[in-house]
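A.B. asks: sequence first, then the predicted structure:
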Amino acid sequence: MQSGHVRIIGEKQQDLLADSFFLPFDSRKATLLHMERNTAPRILLVIAISLFFWLVIGPVFSVVLQQAMHSMQTGIGMYVSLHIPYVMLFIALFSGVHLILSTDMRTFISGTSGKFRWMLSLKTGLIYLLFMAAAAPVASKGLHWSGIGLTDFLSSLIPVIILTPLQALSEEILFRVIPLRFIPQERMPRNAAEALPYTIISGLLFALPHLGNNEVTSSESALLPFICYMLWGCGAAFISVASGGFEAAIAMHVANNLFIALVMNYENSSMPVKAIFTGPMAGGIATLIETILVFTIVYFYLCIKRICRPGFMMRPVE
């Protein structure tokens, strides 16, 4: 039985599957979903359409909206207008996966099981938020109250909570999920060494579109902020292949952006919204250290909970 780009092998084998498409290699025969030979061209078509919606249609619509409505040029209005391209990106990705790849987004993200591990997502997101909250006072000298009033904060709450996760999810699909879909099932990375090319490519894909961000353009040296972005992308890619899914990376990305937009924004931020606190410029050594530490903590958590795949586990202490 065939449907779109996937082939169903046997329903009775479903119980043998792990919670994601990253299966142990001795269980490959239990795989429920297999990409057809013509999947790669169709994925490229989805990418092309998505980029057109993101980089052309979205910005044009955003500019038109700003010119038509003066309220969209400042404050939360500006925040909303700048996220319109990401709304267009998500619409294109969602439609492309359904109409061109003939599968649902949950299966495209989660793989063979079609299950999204919500508890893993919630716990890793919480770990990320707690780390950011603890690190902010230490790493951000000059941290101070932004002066935002309660009314302004509450008025920005709903748009931020809706648009920020959508933007983070769209980037994760584009920079993390889709690149891995080009790897044949039998050649999926089994350990950190095999995952290195995908990790670097995904990190580079994540960093390049951020070169125009204020964190990079306003810095004395664009290299360090670029390294921070690339390191974040590499960390998210490694966590994804290590844990056998994208739940942790998505949660961490959402948590990071929500923390910046609501709790502590910074002076050179690309997010034109007032958070409760304002910190100094980001993209420096402190940001680099924070990125390394938070991904290390999440990795240890995944190992302790035995969520990491065998080839990515730390060696047990004898």
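C.D. replies: Now that the structure is in, tell me what you want to look at.
A.B. asks: where along the stretch 1-150 of the chain do the strands fall?
C.D. replies: Here the stretch 1-150 of the chain has its strands, by DSSP state E, counting those that start in this stretch, at 2-3, 6-7, 144-145.
A.B. asks: sheet partners, orientation included, of the last one?
C.D. replies: Paired neighbours of strand 144-145 in the sheet (DSSP bridges): strand 277-279 (antiparallel).
A.B. asks: can you give me how far the next helix or strand after the strand it pairs with is from the chain middle?
C.D. replies: Later in the chain than strand 277-279, the nearest helix or strand by DSSP states H and E is helix 285-304. Between the centre of helix 285-304 and the centre of its chain there are 16 Å (C-alpha atoms, centre = their mean, to the nearest Å).
A.B. asks: for helix 285-304, packing partners?
C.D. replies: helix 118-139, helix 223-243, helix 247-258 (3 or more C-beta pairs under 8 Å, 6 or more residues apart in numbering; DSSP states H and E). Any C-beta I mention is one placed from the backbone N, CA and C, and that applies to glycine too.
A.B. asks: in this structure, which residue is most central in space?
C.D. replies: Geometric centre of the chain, nearest residue: residue 172, 3.2 Å, by C-alpha atoms, centre = their mean.
A.B. asks: which residues touch that one?
C.D. replies: 236, 246, 249, 250, 253 (C-beta atoms under 8 Å, 6 or more residues apart in numbering).
A.B. asks: need the contact list for the second one.
C.D. replies: Pointing back at residue 246 there. Residue 246 touches 109, 110, 172, 176, 177, 240, counting by C-beta under 8 Å, 6+ apart.
A.B. asks: low pLDDT regions in the stretch 151-300 of the chain?
C.D. replies: Filtered on pLDDT under 70, the stretch 151-300 of the chain yields no residues whatsoever.
A.B. asks: measure residue 194 to residue 302 for me?
C.D. replies: Distance of residue 194 to residue 302, computed by C-beta to C-beta, to the nearest Å: 18 Å.
A.B. asks: neighbour-wise, which of the two wins?
C.D. replies: residue 302 (23 against 14; other C-beta atoms under 10 Å).
A.B. asks: distance check, that one against residue 242.
C.D. replies: 6 Å.
A.B. asks: neighbours around residue 98, how many?
C.D. replies: Around residue 98 there are 14 residues (other C-beta under 10 Å).
A.B. asks: which residue, other than its chain neighbours, is closest to it?
C.D. replies: residue 104 (6.6 Å; C-beta to C-beta, 6 or more residues apart in numbering).
A.B. asks: still on that earlier bit, quickly name whichever of the contacts of residue 172 is closest to residue 294.
C.D. replies: residue 236 (10.7 Å; C-beta to C-beta).
A.B. asks: surely the closest one is in contact with residue 255?
C.D. replies: No - Residue 236 lies out of contact with residue 255 (C-beta atoms under 8 Å); the separation is 11.7 Å.
A.B. asks: between residue 302 and residue 242, what contacts are shared?
C.D. replies: residue 308.
A.B. asks: so how far is stretch 171-186 off the chain centroid?
C.D. replies: With C-alpha atoms, centre = their mean, you get 12 Å for stretch 171-186.
A.B. asks: er, stretch 50-57 I mean
C.D. replies: 18 Å.
A.B. asks: pull the residues that contact that stretch.
C.D. replies: With C-beta under 8 Å, 6+ apart, stretch 50-57 has contacts from 85, 86, 88, 89, 91, 92, 93, 96, 170, 174.
A.B. asks: same thing but at 10 Å, please
C.D. replies: 58, 61, 84-97, 170-171, 173-174, 178, 209 (C-beta atoms under 10 Å, 6 or more residues apart in numbering).
A.B. asks: tell me the buried residues within those residues.
C.D. replies: 58, 61, 84-94, 96-97, 170-171, 173-174, 178 (16 or more other C-beta atoms under 10 Å).
A.B. asks: so which of those sit within helices?
C.D. replies: 58, 61, 84-94, 96-97, 170-171, 178 (DSSP state H).
A.B. asks: my guess is residue 313 meets residue 243, correct?
C.D. replies: No - the pair residue 313 / residue 243 is not scored as a contact, 11.0 Å apart, by C-beta atoms under 10 Å.
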